[in-house]
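> One predicted model, sequence on top.
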Amino acid sequence: MAPQSPPPTLVHNDFKLDNVMLDSANPGRVEAVLDWEMATVGDPLVDLGLVLCYWSQPSDPGGVKSSITSQPGWITREELVARYGARTGRDVHASPITTSLRSSSWPRSCSRSLCASIGDRHKTSGFGTSSACAKSD
């Protein structure tokens, strides 16, 4: 049986470090979240799942990606999920969104999710379709 979806909330839908402003005096504190044009209502764990897609770490298969999160001093994806769960009270470990993204298959999960989203956007925007993600598997 699939886990129940949590009550829907406002979802940024493009949540990543590129879209936040950090406090210059305390870089662990977010001052603002930018680029809300893709916001919608849905599963709140979608934003956590997306940030995990961009959260590189030294233990990633295929080597370290060029990302600030792979530098010393940054927490791991597991630690990020644990903190999110602790602060929100949400059951992050039962969610298929975070389960697949914390596993070794996270790069493929991200590629499929992002490409599906991009493809859907192209189809509905009048810009035609894009084959940029056709070979993501």
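That came in fine, so what should we check first?
> Tell me, how many residues neighbour Ala69?
Ala isn't right for residue 69; it's Thr. 20 (other CB atoms under 10 Å). Where you see a C-beta, it was placed from the backbone N, CA and C, and this is true even at glycine.
> Tell me who's in contact with it.
Residues in contact with Thr69 (CB atoms under 8 Å, 6 or more residues apart in numbering) are 17, 54-57.
> Roughly how far does it sit from Ala25?
As judged by CB to CB, to the nearest Å, Thr69 and Ala25 stand 21 Å apart.
> for the contacts of Thr69, which one is nearest Gly89?
The closest of those to Gly89 turns out to be Trp55 (CB to CB; 21.5 Å).
> Which residues are in contact with that closest one?
Trp55 neighbours (CB under 8 Å, 6+ apart): 67, 69, 77, 80.
> Tell me the one among these nearest to His12.
Leu80 (15.7 Å).
> The contacts of Thr69 in helices, which ones?
Using DSSP state H, the members of these that fall in helices are Tyr54.
> can you give me the strands for the protein?
Per DSSP state E, the chain carries strands over the ranges 9-11, 20-22, 30-33, 40-42.
> quick one, which of those strands is nearest to Val92?
Taking these one by one with CB to CB, strand 9-11 is closest: 14.2 Å.
> in its sheet, what does that closest one sit against?
According to DSSP bridges, strand 9-11 forms sheet pairs with strand 40-42 (antiparallel).
> With Pro58 as the reference, measure out to Thr76.
Separation of Thr76 from Pro58 (CB to CB): 9 Å.
> which one of the contacts of Thr69 has the most neighbours?
Trp55 (24 neighbours).
> for that one, phi and psi?
Phi and psi for Trp55, reported as degrees, to the nearest 10, are phi -90, psi 90.
> Just the pLDDT at it, thanks.
pLDDT, Trp55: 86.
> go on, Leu17?
pLDDT recorded at Leu17 is 90.
> who are the neighbours in contact with it?
Leu17 makes contact with 51, 54, 68-69, according to CB under 8 Å, 6+ apart.
> got any ranges where this protein has weak pLDDT?
Counting by pLDDT under 70, the chain has low-confidence residues at 1-4, 63-65, 96-137.
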